[in-house]
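> Got a sequence here, can you build the structure:
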Amino acid sequence: MDLELPELPFPLRTYGPDGHWSYEDGVLTGWAGPRQDRFVPPTGEGLDPASDAPRLLGAPHGEFQLIARVTVGFAGSFDAGVLYVHVGERAWAKLCLEYSPDVPTVCTVVTRGHSDDANSFTVDGSSVWLRVSRTGRAFAFHASRDGKRWTFVRLFTLGDEKETDAALVGFMTQSPMGEGCVVTYDHLEFRASWPDDLRDGS
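I've put the predicted structure just below:
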């Protein structure tokens, strides 16, 4: 299924399990089913490396920032709403608002063959603003409690500049331990630029 959002200059396509994606009045909604996630455990234990989760992705050109306020209907540990970057089958990254395991937390995962996993800061309530940016071969993750002042979370690469320029970017839902959850994304915004400074709150 293809979906075009007026806030984004590129179409989105569904990947993975059915996320029942819908868009109405500026709000994108997706569902994760039971035990759905994308994570390749570095220990070799836990989820099957072939596990998958609903994704809605497109291919922006050049420099960009993709911004959304993410709200998660937390029910089980590690339920999350995600901004997602995909470069290859074992080269992808997640910026999550996650129940980790019982406190809403901004988390990141970067997968290069296997996944790493890092928590950033906790959040009061079930919403936070997330932002993914790209310039050249570099990606940056930021998060914000109010959509105005941004906290730098991570700077990384997933391949060379040609691979990075062809990256798919968008939204993902997950419920790796639970029976599923609903995620909404609103205040969607696309900027055709890289942030002026990654660490000054802008």
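
> can I get the CA coordinates of stretch 173-182 in PDB?
Output for stretch 173-182, consisting of C-alpha atoms alone and laid out as PDB, is shown next (Å, rounded to 0.1, in the frame of the first residue of the first chain):
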ATOM      1  CA  THR A 173       5.600   0.300  15.400                       C
ATOM      2  CA  GLN A 174       6.700  -2.500  17.700                       C
ATOM      3  CA  SER A 175       5.500  -4.700  20.500                       C
ATOM      4  CA  PRO A 176       8.300  -7.300  21.000                       C
ATOM      5  CA  MET A 177       7.100  -8.700  24.400                       C
ATOM      6  CA  GLY A 178       3.400  -7.600  24.400                       C
ATOM      7  CA  GLU A 179       0.100  -8.200  22.600                       C
ATOM      8  CA  GLY A 180       0.400  -5.200  20.400                       C
ATOM      9  CA  CYS A 181       0.000  -1.400  20.700                       C
ATOM     10  CA  VAL A 182      -1.200   1.600  18.700                       C
END
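
> just the helices in this structure please.
For the chain, the helices identified by DSSP state H occupy 161-165, in order along the chain.

> Bridge partners for the most centrally placed residue in the chain, pull those for me.
Most central residue of the chain, judged by C-alpha distance to the mean C-alpha position with CA atoms, centre = their mean, is Leu83 at 1.6 Å. When bridges are called by DSSP bridges, Leu83 pairs up with Leu95, Phe171.

> List the contacts of the nearest residue to Pro42 once chain neighbours are set aside.
Using CB to CB, 6 or more residues apart in numbering and skipping residues adjacent in sequence, the residue nearest Pro42 is His114, 4.4 Å away. Every C-beta, even on glycine, is put in place using the N, C-alpha and C of the backbone. Contact partners of His114, counting by CB atoms under 8 Å, 6 or more residues apart in numbering, are 40-42, 90.

> CSV for the residues you listed, including neighbour count, pLDDT and distance to Val128?
Output for the contacts of His114, formatted as CSV (neighbours: other CB atoms under 10 Å; pLDDT from 0 to 100; distance: CB to CB, whole Å):
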residue, neighbour count, pLDDT, distance to Val128
Val40, 20, 89, 25
Pro41, 14, 88, 25
Pro42, 13, 88, 26
Arg90, 12, 89, 28
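
> which stretches of this protein have low pLDDT?
45-50 (pLDDT under 70).

> List the buried residues for the longest strand that the chain contains?
When every strand of the chain is counted residue by residue (DSSP state E), the longest turns out to be strand 181-191. Across strand 181-191, burial judged by 16 or more other CB atoms under 10 Å covers 181-185, 188, 190.
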